[in-house]
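S.K.: next input, structure requested:
(2 chains)
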Amino acid sequence: EVQLVESGGGLVQPGGSLRLSCAASGFTFSSYWMHWVRQGPGKGLVWVSRINSDGSNTDYADSVKGRFTISRDNAKNTLYLQMNSLRAEDTAVYYCARPLMSGMSGLDPWGQGTLVTVSS
Amino acid sequence: DIVVTQSPDSLAVSLGERATINCTSSRTVLYSSNNKNYLAWYQQKPGQPPKLLIYWASTRAYGVPDRFSGSGSGTDFTLTISSLQAEDVAVYHCHQYFITPYSFGQGTKLEIK
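M.R.: Residues are numbered from 1 along each chain as shown, chains lettered A, B, ... in the order given. The predicted structure is shown next:
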């Protein structure tokens, strides 16, 4: 079964840091680009970042560029999101997601998400 | 950046009736080299992650009932539920994956009338 499981969320003060992880199983992780998408409380989906299959190419939303870093460890089948200089507006459920097919397409599957709350 | 806008924001439809949700992209998401529209639709129920319904604007994902269909090309797209079932109550999102930064519509909340 293809599965993505996020972890690492929690409560952090403004200006603080957090690292999210996404453990992948049931597919050849090293063959797929991977994405992070977030959803603020009661709000819509916002694409955050993507990384190519070998980790050599990354893209970010303008709202997180320079503060967040996406990375991956293909030996551990794990995707990461390092979040620094966190702001209240970064409060959201963070999902990792894989394209349905190698390359880019609709995203499927998604993990269950991990909640990040930025508050003093 | 491509801005994706959905309409309406919310919709109430009677059981068995047709539901239609629209999605407009500020720029084309049609890639002329392969004639594919880089647009997807998702269904999201409370407390759950989004579920892929449609990709390439009109291809149903595996296991998605055939009452769900996607249409459109270029900048204007539609998700249609031909005969609304109770289990279709959810928020629906469209998503362009043509160019980064990828973007989603604001979501459409579908309810039973």
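S.K.: can we go C-alpha only for contacts and neighbour counts from here?
M.R.: Will do.
S.K.: which non-adjacent residue is nearest A:W47?
M.R.: Distance criterion Cα to Cα, 6 or more residues apart in numbering or on different chains; nearest residue to A:W47, sequence neighbours excluded, is A:V37 at 4.4 Å.
S.K.: got it, and B:S69?
M.R.: Nearest residue to B:S69, sequence neighbours excluded (Cα to Cα, 6+ apart): B:T80, at 5.3 Å.
S.K.: measure the one you found to chain A for me?
M.R.: With the distance defined as Cα to the nearest Cα, to the nearest Å, B:T80 ends up 18 Å from chain A.
S.K.: quick one: contacts for the residue nearest the centre of chain A?
M.R.: Nearest to the mean C-alpha position of chain A, by Cα atoms, centre = their mean, lies A:W36 at 3.0 Å. Applying Cα atoms under 8 Å, 6 or more residues apart in numbering or on different chains, we find A:W36 in contact with A:W47, A:V48, A:S49, A:R50, A:L81, A:Y94, A:Y95, A:C96, A:A97.
S.K.: just checking, the residue nearest to B:S69 is part of a strand?
M.R.: Yes: B:T80: assigned to a strand according to DSSP: H, G, I helix; E, B strand; the rest coil.
S.K.: number of nearby residues for it?
M.R.: 17 (other Cα atoms under 10 Å in any protein chain shown).
S.K.: is B:S25 bridged to anything, and to what?
M.R.: B:V4 (DSSP bridges).
S.K.: relative to B:G70, how far out is the most far-flung residue of chain B relative to its centre?
M.R.: Here chain B reaches farthest from its C-alpha mean at B:S33, the gap being 23.4 Å by Cα atoms, centre = their mean. Using Cα to Cα, to the nearest Å, B:S33 is found at 21 Å from B:G70.
S.K.: which element is B:Q48 on?
M.R.: Using DSSP states H and E, B:Q48 is not contained in any helix or strand.
S.K.: wait, it sits on A:Q112?
M.R.: Yes: taking contacts as Cα atoms under 8 Å, B:Q48 lies within contact range of A:Q112: 6.7 Å.
S.K.: among the two, which residue is more densely surrounded?
M.R.: Remark: of B:Q48 and A:Q112, A:Q112 carries more neighbours, 20 against 12, as counted by other Cα under 10 Å.
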